[in-house]
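I would like to see how this sequence folds:
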Amino acid sequence: MMKAPKYAVLQKIREGKRTYGITPRIPGGFIKPDQLMHIAQVAKKYNGIIKITSGQRISILGLKPEDVDKAWKDLDMEPGVLSPYSVKNVEMCPASFCKRAKQNSLKLGMRLEKRFYGASTPNRTKIGVVGCRNSCTSAYSKDIAVIGDVEGYIVTVGGSAGFYPRMPDVVAEKLSEDEAYYMVEAIYEYYTREAEMGEKLGHFIDRIHFEKFKEGVEEIFKEKI
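Next up, the predicted model:
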């Protein structure tokens, strides 16, 4: 039996034939035209189908198992997801280009993306960063969200739009850019240190109760600033 290729997702098995999808890393969903054309060329070479994902990335679907490694080599890009037990991605709105933005959150979003790309976690974790409370990218449904407002940044935790939907809890408000960054670091550190393996952030918060979670995060945050 052929070993499953690395950094690929198995799709439906039709008539005993397996096909896979791969998703390269595209920070914040921003990509240069030449790189976009390159992805299309690789997809065409291996008879793949391009899918624009909900996570601000581009997947190549329908790849034969023997073509996955070759496609990755041709792409010469990092995989979007390194492990199911990691930060899956940092989604962000185009605040630098938007008239509604209250904070230019794009710089902060990219800073967080570089810091947390592939970072190990008890369970898959999504981070959202947006420039206003319209919350494009559905930031409130993310495990961790940083939301720009007139007086600074709001940070929320535990949001989920998955199998068990959950409204987020507000951890802090009126934060500067640096404070928001360190607050996300504090949340990550407390979660990875205290949660059980396989436990989503929202489920962890519900188990220990939000006030205890907030106290633990604030202790770490104070040490950072």
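
rest of the way, CA atoms for contacts and neighbours
OK.

Do you have the helices of the protein handy? List them.
33-45, 65-75, 106-116, 177-194, 201-208, 210-224 (DSSP state H).

What residues sit buried inside the last one?
Translated: helix 210-224. Within helix 210-224, the residues that qualify as buried are 210, 213-214, 216-218, 220-221, counting by 16 or more other Cα atoms under 10 Å.

residues touching Ile52, list them.
Contact analysis of Ile52 by Cα atoms under 8 Å, 6 or more residues apart in numbering lists 58-59.

I'd like the distance between the residue nearest to the spatial centre of the chain and Asp178.
Nearest residue to the geometric centre of the chain (Cα atoms, centre = their mean): Asn89, 1.8 Å. Distance, Asn89 to Asp178, using Cα to Cα, to the nearest Å: 20 Å.

can you check Ile49 too?
Distance from Ile49 to Asp178, by Cα to Cα: 40 Å.

Show me which of the two is the more surrounded one.
With neighbours defined as other Cα atoms under 10 Å, Ile49 and Asp178 compare such that Ile49 has more, 14 against 11.

Can you tell me who that one pairs with across the strands?
Beta-bridge pairing for Ile49 (DSSP bridges): Leu61.

Could you export the helices of the chain as TSV, including distance to Val170 and mean pLDDT?
Listed next are the helices of the chain as TSV, based on distance: least, Cα to Cα, whole Å; pLDDT from 0 to 100:
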stretch	distance to Val170	mean pLDDT
helix 33-45	37	98
helix 65-75	40	97
helix 106-116	19	97
helix 177-194	12	98
helix 201-208	12	98
helix 210-224	9	98
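
how about those in JSON lines, adding distance to Tyr20?
Shown next, in JSON lines, are the helices of the chain (distance: least, Cα to Cα, whole Å):
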{"stretch": "helix 33-45", "distance to Tyr20": "12"}
{"stretch": "helix 65-75", "distance to Tyr20": "6"}
{"stretch": "helix 106-116", "distance to Tyr20": "26"}
{"stretch": "helix 177-194", "distance to Tyr20": "30"}
{"stretch": "helix 201-208", "distance to Tyr20": "29"}
{"stretch": "helix 210-224", "distance to Tyr20": "39"}
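
can you tell which of those helices is closest to Gly16?
Smallest distance to Gly16 across the helices of the chain (Cα to Cα): 12.5 Å, for helix 65-75.

other SSEs contacting that closest one?
strand 20-22, helix 33-45 (3 or more Cα pairs under 8 Å, 6 or more residues apart in numbering; DSSP states H and E).

deepest of these, which one?
Ranked by mean neighbour count, those are led by strand 20-22 with a mean of 23 (mean count of other Cα atoms under 10 Å).

Which neighbours in the sheet does that one have, and how are they oriented?
Strand 20-22 sits in its sheet next to strand 9-10 (antiparallel), strand 58-63 (antiparallel), going by DSSP bridges.

export those to JSON lines and tack on mean pLDDT, mean neighbour count and distance to Cys132?
Shown next, in JSON lines, are the strands paired with strand 20-22 (pLDDT from 0 to 100; neighbours: other Cα atoms under 10 Å; distance: least, Cα to Cα, whole Å):
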{"stretch": "strand 9-10", "mean pLDDT": "94", "mean neighbour count": "15", "distance to Cys132": "34"}
{"stretch": "strand 58-63", "mean pLDDT": "97", "mean neighbour count": "22", "distance to Cys132": "25"}
